[in-house]
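**Q** Structure, please.
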Amino acid sequence: MVKDDLVIFESAAICIHLAENHPSSNLIPEIGDPNRAKFFQWMMYLTNTVQAELMVLFYPEKHTTDIHSTDNIVEAQEDRITDMFELLDNELADNKFLIGEYISVCDYFLFMLAVWADEFKKPPLAFNNLARYLCILAKDQAIIDVCKKENLSLVNYQ
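**A** Numbers count the residues shown, from 1 in each chain. The predicted model follows:
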């Protein structure tokens with residue numbers, strides 16, 4: 001039973017909660033599915049590693065007492081995050097989606113993070129497997145609807 005007044009925070013927690021409470025969406029592998037562990041691995045990596053590092057890049061002034069060092073923080077973060085996209089690109093070499101053949105919450109989450117990084121020197125679309133994957137996701141109606149609502153262009157993903 002879900003309480004009507006339930007309030008939770010943290011993107012990953014919200015995504016997992018919604019996916020588990022709407023099992024017909026098939027956005028999270030069922031308990032007992034071998035891909036469930038991979039789902040949690042990637043969901044935690046995306047939120048606790050990639051998203052966390054993006055937050056440092058976007059708000060470098062919160063991570064130093066020397067305002068003159070923010071450019072160095074941004075540069076270092078972009079390099080770190082680009083390495084993370086390379087790891088994801090390698091994972092996608094043999095997979096249609098992050099968890100395999102079926103779309104999951106992880107894919108929507110990764111698409112969001114990739115859009116945040118679209119102005120990098122080496123953006124996510126510069127990686128072969130990641131670009132193929134992102135272009136597939138950009139055809140998903142849920143992503144189209146959200147991008148329309150958020151006034152985000154999908155032209156680069158066509």
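
**Q** quick one: Cys136 and Lys96 touch, right?
**A** Just to correct that, residue 136 is Ile rather than Cys. Yes. Between Ile136 and Lys96 there is a contact under C-beta atoms under 8 Å: 7.1 Å. In short, each C-beta sits where N, CA and C put it, glycine included.

**Q** Now do the shared contacts for the two.
**A** With contacts defined as C-beta atoms under 8 Å, 6 or more residues apart in numbering, no residue is shared by Ile136 and Lys96.

**Q** Regarding the protein, what is its longest helix?
**A** Criterion DSSP state H: the longest helix present in the chain is helix 70-91.

**Q** from the middle of its chain, how far away would that helix be?
**A** Helix 70-91 sits 14 Å away from the centroid of its parent chain (C-alpha atoms, centre = their mean, to the nearest Å).

**Q** And the helices in the protein, which stretches?
**A** Taking DSSP H, the helices of the chain run over residues 11-21, 35-45, 51-58, 70-91, 105-116, 128-137, 141-149.

**Q** ok, Ile8 - contacts?
**A** 14, 17.

**Q** where does it land on pLDDT?
**A** For Ile8, the pLDDT comes out at 92.
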